[in-house]
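*Asks:* I would like the atomic coordinates for the input below:
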Amino acid sequence: MDKDFKISIYLDFYKELLTEKQTDAIDLYYNKDLSLSEISEHLNITRQGVRDSIKRGEKLLLELEEKLGLVERFRLIQDRIDQIAHVIQETERLNTQQLHSEKLALKVKKIKVYINDINEKV
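*Replies:* The predicted structure follows:
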């Protein structure tokens, strides 16, 4: 995964654990694509201060993900949900084409509701 994209994702997950200055600097640098000079004007700190804030924030984000692994867990959960959704589609197709079970159709519908609920909350 591209470093810029990785840092942006980590920021989404861990921004509450960074200082406000680190969060703002990283957001402006990685998500808004501003230069260090533009960020220094925006935050009213020196260019070197912006650079230091970004570097410290990046380091902390990488350490947090290494220790907590929330982004990796989230990806794994999303992958498994996608796999379950695919199996449900296959089951639904099989039921429609061959089995014609109303009970199975209701169970599949219930599972789809649960998956949609999970996707909305994650």
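*Asks:* Show me the shaky parts of the chain.
*Replies:* In the predicted model, the chain carries no residue with pLDDT under 70.
*Asks:* max-length helix in it?
*Replies:* Longest helix in the chain, counting residues (DSSP state H): helix 70-94.
*Asks:* Report the buried residues of that one.
*Replies:* Of all the residues in helix 70-94, those buried under the rule 16 or more other Cβ atoms under 10 Å are 71, 81, 88, 91, 92. C-beta: built from backbone N, CA, C; applies to glycine.
*Asks:* So residue 32 versus residue 24, what's the distance?
*Replies:* Applying Cβ to Cβ, to the nearest Å, the value for residue 32 to residue 24 is 10 Å.
*Asks:* quick one: which of these two has more around it?
*Replies:* Legend: neighbour count by other Cβ atoms under 10 Å for residue 32 and residue 24, higher for residue 24 (19 against 10).
*Asks:* Can you name the element that comes right after the helix or strand harbouring that one?
*Replies:* Using DSSP states H and E, the secondary-structure element containing residue 24 is helix 20-26. As assigned by DSSP H and E, the chain's next helix or strand after helix 20-26 is helix 36-43.
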